[in-house]
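Participant: model this:
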Amino acid sequence: MLKQSLDHDRLRAAYEQVRRDLIEQRRGADHWTGELASSALSTATAVSALSLVRRYAAPGRSTNPAALEQDRYESLIAAGLKWLAKAQNEDGGWGDTEKSRSNIATTMIVRAAFHLTAVPAKHADLLERAKAYCRRDGGVAAVRRRYGKDKTFAVPILANAALAGMVPWNAVAPLPFELSCLPQSTFRFLRLPVVSYALPALIAIGQARYVHRPPLNPLIRWLRAASVARSLAVLESIQPSSGGFLEATPLTSFVVMSLAGSGHADHAVVRRGVDFLLRSVRPDGSWPIDTNLATWVTSLSLGALTSDGRGEASAECLDWLLDCQYLTVHPFTGAAPGGWGWSDLSGAVPDGDDTPAALLALDALRASQDNATRRRIDHAAVAGIEWLLGLQNRDGGWPTFCRGWGKLPFDRSGTDLTAHVLRAFETWRSRLSPSSDKTIALRETGASALRLVGRMDRAAARGFAFLSKQQREDGSWLPLWFGNQSNPDDENPVYGTARVLLAFGEAASGQEKTAAARGVAWLLSHQNEDGGFGGEPAASGAWRSSVEETGVAVEALLAHETGPEVRAAVDRGLRWLVESVQSGRYREPSPIGFYFAKLWYYERLYPLIFCASALGRAVAERCDGPRPDGSSASSTESYPPRVEIKG
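Facilitator: Residues are numbered from 1 along each chain as shown. The predicted model follows:
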């Protein structure tokens, strides 16, 4: 094989290619929309929901206008079943995406969809293979083991199966939907069996369980009977205008099927939920897990495109991003104004990952703006920082949606979220510092720059202490929102460690430097033979790296390039990324996204974003930065030394 050298020209050429591709993905709009993977679980829940509404909103039995859409229901159900039949894995089960391994949750839900459509005989072999998979994997007990104490997803899965007649209703744990009638501010003290975002499921599925298997205790039975109407009113009040709870097909479908199956097929919540499902179906008959992650991928894209110090190609996104900030109390979680959610659509909710991402993007765009626009950015940033300060948990970390709600997954503090917040704080601290020549005007907000910086510093100290405590014995960190299906317990320490190292690299001292050194050592010891990171085992037994994990790992190591060993690892990682651009592999997404309740997804823009961010930082530091001897890196002589690659 011929050998080529990775010099500055090849590194820059690869970056410019990815950069152009990422900009083109915006397609002339003022933001990126992205594209989530089609999901077998989402498709099956949507099919189940439409089937039950079709059954109980039949002409002559309901005033539901959706009953007039029987023909469309039939066609969508048929298309969904056809898509699901093609998506079945060889082992008889289904994974969350076509790139995912089979799992008990998705397979149980797909089986329920086929049973509810009353056409299982047409797919006898398919269902027998699926039934055998569920039997091998452990059935109902396996579902419960998968989610442990968290009933957020185990109960909906089993309720779906019970509605399909696959399991008895006593297999479905009762949910205290009457608690939804209490003031929202009390929820975090109640230790509910579901996470904060699952209030709609608590109400709808709780009512379905109550209708189909009333409690034996007469007092509880009376209490729940008296709470039906009021809790339905609460559910209606928190339903977004799009009709989709969290813009998520599974959650919306669970609500629709539960209400339709318990005597409320003509309720306004059902009608709006069905409208959401009808609008969000794809031409091939499938549904994604969520409508889109537009705000999230836009913020990440802006950060990636400015990683080389440039921002001129993305300034037109500024107004859109500012408009995505929540300026009122959010009806779903009761969140204060100031945060950002993952999408500009009405079903999104402000959270502790999208808000720091937006703050970092705003800072990246700020330098190229006029003074009036900078003031708009600064006021938005102050509101976002205040929101994050109010979200911090007692343990020093940051959760996703609500402070102090509980310890269930996706409500507890996360290392990746905490690291993201700390990066945003460190970046904006220099803007806020009264001693800085970049001090922002805060008079109109009534805030004190000095006081706000002090609050940020105290919060950051607690945040770094939380990260130090969360570091595992081997030096790695585990993230909350990303996983790797090839690792034990679906963990992704590559992503978690890389994200934390970026925070330590930008604002670390003392104990944090020691923790960072251990994290770097862990990453170095887990670089794959091909030079990349993460991925999955290949047929040869080696690991086939992923673009996403390699991108985040290389970017993190670039921030800690303190010696020849780290530099050599970075060189190998950059070589892998450049080769992925040359081969076109950088456009291939991997299912590393971990949506609610262990639901895998991939996003088409992730590999482009993470690759562009790493290569952009490398270009800025290696091609445009000064040499150790103080001379320019723009001469024809290559620095750093050329890295040999095969091609």
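Participant: Give me the domain ranges for this structure.
Facilitator: When the chain is parsed with automatic domain parsing, its domains come out as 38-288, 324-470.
Participant: any chance of the ones you listed in a markdown table, with mean neighbour count too?
Facilitator: Using the backbone N, CA and C atoms, a C-beta is placed for each residue, glycine as well. Shown next, in a markdown table, are the domains of the chain (neighbours: other CB atoms under 10 Å):
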| stretch | mean neighbour count |
| --- | --- |
| domain 38-288 | 20 |
| domain 324-470 | 20 |
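Participant: Of all the ones you listed, which one comes closest to residue 620?
Facilitator: domain 324-470 (12.4 Å; CB to CB).
Participant: What is the end-to-end distance of the closest one?
Facilitator: 32 Å (CA to CA, to the nearest Å).
Participant: average pLDDT for that domain?
Facilitator: For domain 324-470, mean pLDDT rounds to 87.
Participant: So what's the gap between it and the chain middle?
Facilitator: 18 Å (CA atoms, centre = their mean, to the nearest Å).
Participant: give the contact list for residue 456.
Facilitator: By CB atoms under 8 Å, 6 or more residues apart in numbering, the residues touching residue 456 are 385, 389, 425, 428, 429, 432.
Participant: should've said residue 617
Facilitator: Per CB under 8 Å, 6+ apart, neighbours of residue 617: 307, 308, 555, 558, 559.
Participant: Surely it is within a helix?
Facilitator: Yes. Assignment of residue 617 by DSSP: H, G, I helix; E, B strand; the rest coil places it within a helix.
Participant: that older thread, and which of the contacts of residue 617 is nearest to residue 348?
Facilitator: Nearest member of the contacts of residue 617 to residue 348, counting by CB to CB, is residue 307, at 25.7 Å.
Participant: between the contacts of residue 617, which has the most around it?
Facilitator: When neighbours are taken as other CB atoms under 10 Å, the top entry among the contacts of residue 617 is residue 555 (26 neighbours).
Participant: shouldn't that residue be in contact with residue 612?
Facilitator: No. Taking contacts as CB atoms under 8 Å, residue 555 lies outside contact range of residue 612: 10.1 Å.
Participant: Name all residues that make contact with residue 369.
Facilitator: Contacts of residue 369 by CB under 8 Å, 6+ apart are 315, 318, 377.
Participant: same question but for residue 96, I mixed them up
Facilitator: With contact taken as CB under 8 Å, 6+ apart, residue 96 is in contact with 37, 39, 40, 41, 103, 106, 289, 591, 599, 600, 601.
Participant: for this structure, where's the lowest mean pLDDT among helices and strands?
Facilitator: Least confident helix or strand, the chain: strand 643-646 with a mean of 34, by mean pLDDT, DSSP states H and E.
Participant: Next one: residue 223 from residue 215, what distance?
Facilitator: Distance from residue 223 to residue 215, counting by CB to CB, to the nearest Å: 9 Å.
Participant: still on that earlier bit, same list, the contacts of residue 617, but as TSV with distance to residue 79 and pLDDT please.
Facilitator: As requested, the contacts of residue 617 are arranged in TSV below (distance: CB to CB, whole Å; pLDDT from 0 to 100):
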residue	distance to residue 79	pLDDT
307	42	83
308	44	78
555	41	97
558	46	95
559	47	92
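Participant: Between which two of those is the distance greatest?
Facilitator: Pairwise distances across those (CB to CB) peak at 14.7 Å, for the pair 308 and 559.
Participant: how much space between the residue nearest to residue 92 when sequence neighbours are not counted and residue 91?
Facilitator: The spatial neighbour of residue 92 that comes closest, neighbours along the chain excluded (CB to CB, 6 or more residues apart in numbering), is residue 129 at 3.4 Å. Going from residue 129 to residue 91 by CB to CB gives 8 Å.
Participant: Residue 477 too?
Facilitator: For residue 477 relative to residue 91 (CB to CB), the value is 32 Å.
Participant: show me what contacts residue 138?
Facilitator: Contacts of residue 138 by CB under 8 Å, 6+ apart are 104, 145.
Participant: Strands of the stretch 401-550 of the chain, start to end?
Facilitator: Along the stretch 401-550 of the chain, counting by DSSP state E, counting those that start in this stretch, strands occupy 536-537, 543-544.
Participant: Now render the ones you listed as CSV, adding mean neighbour count and mean pLDDT.
Facilitator: Shown next, in CSV, are the strands of the stretch 401-550 of the chain (neighbours: other CB atoms under 10 Å; pLDDT from 0 to 100):
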stretch, mean neighbour count, mean pLDDT
strand 536-537, 13, 86
strand 543-544, 18, 88
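Participant: Output these as TSV; include the columns distance to residue 74.
Facilitator: Output for these, formatted as TSV (distance: least, CB to CB, whole Å):
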stretch	distance to residue 74
strand 536-537	39
strand 543-544	42
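Participant: Remind me what the helix or strand residue 12 falls within packs against, helices and strands.
Facilitator: Assessed by DSSP states H and E, residue 12 sits inside helix 8-24. Counting contacts by 3 or more CB pairs under 8 Å, 6 or more residues apart in numbering; DSSP states H and E, helix 8-24 packs against helix 294-305, helix 564-583, helix 606-618.
Participant: All the helices of the stretch 351-500 of the chain, in order from the start?
Facilitator: Using DSSP state H, counting those that start in this stretch, the helices found in the stretch 351-500 of the chain span residues 354-366, 371-391, 415-432, 449-470, 493-507.
Participant: Next, the angle from the longest one to helix 493-507.
Facilitator: Helix 449-470 runs at 140 degrees relative to helix 493-507, counting by axes from the mean of the first three to the mean of the last three CA atoms, to 10 degrees.
Participant: Equivalent analysis for the first one, please.
Facilitator: Taking the same axes, to 10 degrees, helix 354-366 and helix 493-507 form an angle of 50 degrees between their directions.
Participant: before we move on, the earlier item: nearest to residue 10, of the strands of the stretch 401-550 of the chain?
Facilitator: strand 543-544 (22.8 Å).
Participant: Give the partner strands of the closest one in its sheet and their orientations.
Facilitator: With DSSP bridges as the test, strand 543-544 is paired with strand 536-537 (antiparallel).
Participant: distance between the partner strand and the chain's centre?
Facilitator: 22 Å.
Participant: Grab the CA positions of the helix or strand encompassing residue 253 and hand them over as CSV.
Facilitator: Assigned by DSSP H and E, residue 253 belongs to helix 249-260. The C-alpha coordinates for helix 249-260 follow below in CSV (Å, rounded to 0.1, in the frame of the first residue of the first chain):
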residue,chain,number,x,y,z
THR,A,249,-43.7,9.7,19.7
PRO,A,250,-43.4,7.0,22.4
LEU,A,251,-44.6,9.2,25.3
THR,A,252,-47.4,10.7,23.2
SER,A,253,-48.4,7.3,22.0
PHE,A,254,-48.5,5.8,25.5
VAL,A,255,-50.8,8.6,26.6
VAL,A,256,-53.1,8.2,23.5
MET,A,257,-53.4,4.4,23.8
SER,A,258,-53.9,4.5,27.5
LEU,A,259,-56.7,7.0,27.4
ALA,A,260,-58.3,5.4,24.3
